[in-house]
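**Student:** model this:
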Amino acid sequence: MVNLLFHEHAMSVLRNVVIAYFSKYEVDLVRQRKARRLQRQQFWAAGVNDLFAVDQHDKWLRFGLASHTGIEPFTGRIMWMRVWHSNQNPQLILTYYLETIQELGHRFFFMSFYHNAIDVVITDMPMVTQSDPGSENFGIANAHTMLRQWHNLTLQGTLKHRWMCMKKNVMPEITWSQLRHRFTPGYENYLDSGVDAGWYDCGNALQRLIFRWIFIPWLQRELDGYKDRINNTAKRHDQNKVLPRGVPNLIYDSPGDFGVLDFRIILEPGAIGRARNLNLNLNHAVFELVPRDFGDFIHQCYNELGHPVVDRRSAWNVYLDLHQIISRLYKQLPPVVLPDDNLNDDFLPLLENHEDLAFRDGNDGAYYMGGVGGGLGLGVFSPCMQH
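**Tutor:** Below is the predicted model of the structure:
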């Protein structure tokens, strides 16, 4: 609790103050905790690729930064973790999903009957996607449902996406909490240092564009490194979870070696491209880091600086140097440099005449949100995850 107050609310509270508070105002919770009788909610997953859970993160919006992640709950594998200047546009969020399942493809080479070398990429996807309610997730819900229905006509009329209305979107929330504890504090302090020094004002359009151009690619590299560390590190044993023990990447890539089921759906060649063509306008401005003309201009200024490396030691220095050059050449700026404030006003309607997946909620508080058995799960849930 002390760490949570510090990192989430910037409050430095002594441990004995927290203990005194709970002893006075939360007597029953303290008694339950001491008796180890806290009620745990149980979240069940039938196996690998039962579902992907996605969620956005808005803690850095004061810097003009928006984050998004996708999790494979059974293995705990982070499928993507992205930072951009928006996380509310349904087309943008959909690209994260489509790019991920495209990258999961496996390349095979074999010889045909006529001794010609054939190169085939096999791609796959989970049974179900899951998110909080919100129109920014309509793109994933639509495209994933279309992909499932193209490969199984019996699924017509059923949305293959879960909306977490009554139940919390558990796994992404845990991932964000861990990120806030393990990754965020140092980087957030570094970003705050530039704001506190008066170098960056998110409300200033020119400063915001320069900040985006420098900081988003650097922070994305740092997040990629964090994701790889998490996915290649075995998680600590938890007596409250019945899961295979091992490295998330290894469990995901070779579930049979860990004695667990794999529910991945193999896609036909070209299916992802077809979904992309039907649901995306890749010329949309939301996909641009900064407006194109301004991007060309700032790149020229960056080259004038000698193409300096951007990292934690240099990011603010590069920002200040670029800001100085661009301010001096202000009259040479492209005529359109302001970002479109309506990038998120791109409403995408949800598929019509589709019913939600069936839902199974056990009498013991356990609930299943995957896609096995039409959403009702296996006859006997095994293995499970408990939170």
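**Student:** quick one: the strands in the stretch 201-350 of the chain?
**Tutor:** Using DSSP state E, counting those that start in this stretch, the strands found in the stretch 201-350 of the chain span residues 265-267.
**Student:** Tell me where the stretch 1-150 of the chain has strands.
**Tutor:** Using DSSP E, counting those that start in this stretch, strands in the stretch 1-150 of the chain cover 42-44, 51-57, 66-72, 77-84, 106-111, 117-125, 128-131.
**Student:** By mean pLDDT, show me the worst of those.
**Tutor:** Of all the strands of the stretch 1-150 of the chain, the minimum mean pLDDT falls on strand 106-111 (a mean of 55).
**Student:** For the stretch 101-250 of the chain, give me the ranges with low pLDDT.
**Tutor:** 106-121, 166-167, 237-242 (pLDDT under 70).
**Student:** no wait, the stretch 251-387 of the chain
**Tutor:** In the stretch 251-387 of the chain, residues with pLDDT under 70: 331-346, 360-366, 379-387.
**Student:** domains in this structure, as residue ranges please.
**Tutor:** 1-38, 47-291+338-353 (automatic domain parsing).
**Student:** Select, out of these, the one closest to residue 330.
**Tutor:** domain 47-291+338-353 (8.5 Å; Cβ to Cβ). Any C-beta I mention is one placed from the backbone N, CA and C, and that applies to glycine too.
**Student:** these two touch, right, residue 79 and residue 102?
**Tutor:** No - between residue 79 and residue 102 there is no contact under Cβ atoms under 8 Å: 11.9 Å.
**Student:** max-length helix in this protein?
**Tutor:** helix 205-231 (DSSP state H).
**Student:** ok and that helix relative to strand 77-84, angle-wise?
**Tutor:** Angle, helix 205-231 to strand 77-84, by axes from the mean of the first three to the mean of the last three Cα atoms, to 10 degrees: 170 degrees.
**Student:** Give me the helices and strands touching helix 205-231, please.
**Tutor:** strand 77-84, helix 170-182, helix 184-196, helix 248-253, helix 292-304, helix 315-328 (3 or more Cβ pairs under 8 Å, 6 or more residues apart in numbering; DSSP states H and E).
**Student:** Run the chain-centre distance for the fifth one.
**Tutor:** Going back to what we said before, that points to helix 292-304. Mean-position distance between helix 292-304 and its chain equals 29 Å (Cα atoms, centre = their mean, to the nearest Å).
**Student:** got the buried residues for it?
**Tutor:** For helix 292-304, the neighbour count (16 or more other Cβ atoms under 10 Å) marks 294-295, 297-298, 301-302 as buried.
**Student:** Residue 57 contacts residue 82, doesn't it?
**Tutor:** No - using Cβ under 8 Å, residue 57 is not in contact with residue 82; the gap is 10.0 Å.
**Student:** Now the common contact residues for the two.
**Tutor:** 67-69 (Cβ atoms under 8 Å, 6 or more residues apart in numbering).
**Student:** With respect to residue 319, which of those is nearest?
**Tutor:** residue 67 (20.2 Å).
**Student:** Compute the distance between the closest residue to residue 323 other than its chain neighbours and residue 92, please.
**Tutor:** Of all residues not flanking residue 323 in the chain, residue 210 sits nearest, at 5.5 Å (Cβ to Cβ, 6 or more residues apart in numbering). Separation of residue 210 from residue 92 (Cβ to Cβ, to the nearest Å): 21 Å.
**Student:** Spatially central residue in this protein, please.
**Tutor:** residue 69 (0.6 Å; Cα atoms, centre = their mean).
**Student:** Is that residue bridged to anything, and to what?
**Tutor:** Here residue 69 sits in beta bridges with residue 55, residue 81, going by DSSP bridges.
**Student:** go on, residue 158?
**Tutor:** residue 355.
**Student:** count of residues packed around residue 124?
**Tutor:** 15 (other Cβ atoms under 10 Å).
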